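Engineer: One predicted model, sequence on top.
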Amino acid sequence: MGMHEGRARIGKLIREVVMKWSELRMSWDDANSHAFEEKFIRTLEEDGRTAVSTMDHMAQILQQVKRDCG
């Protein structure tokens, strides 16, 4: 799996988790669900954005290396 495929897969999986969480929140809305969301879901979203951003940066670096080294 290449960088672009991995990036796309991470983005897709995070979107799926967030969507499923939104569905679950319709039937689970108490202090525990709020704590779970804060501790896991938001952290996952933030880490996912960081991973995707880092992968974008790495792809740019790799393109530059390929240009420079031929």
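Structural biologist: Now that the structure is in, tell me what you want to look at. Note that this is a predicted model, so its numbers are computed, not measured.
Engineer: burial of A8, as a residue count?
Structural biologist: Counted with other CB atoms under 10 Å, the neighbours of A8 add up to 14. From N, CA and C alone the C-beta is placed, and that goes for glycine too.
Engineer: give the contact list for the most centrally placed residue in the chain.
Structural biologist: Taking CA atoms, centre = their mean as the criterion, G48 is the residue nearest the geometric centre of the chain, at 2.4 Å. Taking CB atoms under 8 Å, 6 or more residues apart in numbering as the definition of contact, the neighbours of G48 are I10, G11, I14.
Engineer: can you do 7 Å?
Structural biologist: Applying CB atoms under 7 Å, 6 or more residues apart in numbering, one finds that G48 lies in contact with I10, I14.
Engineer: Could you give the separation of the helix or strand harbouring it from the chain centroid?
Structural biologist: G48 belongs to helix 42-69 when assigned by DSSP states H and E. Mean-position distance between helix 42-69 and its chain equals 12 Å (CA atoms, centre = their mean, to the nearest Å).
Engineer: tell me which residues in it are buried?
Structural biologist: By neighbour count, with 16 or more other CB atoms under 10 Å as the criterion, the buried positions of helix 42-69 are L44, E45, G48, V52, M55.
Engineer: and if you look at stretch 6-15?
Structural biologist: Applying a neighbour-count criterion of 16+ other CB under 10 Å, one finds R7, I10, I14 buried in stretch 6-15.
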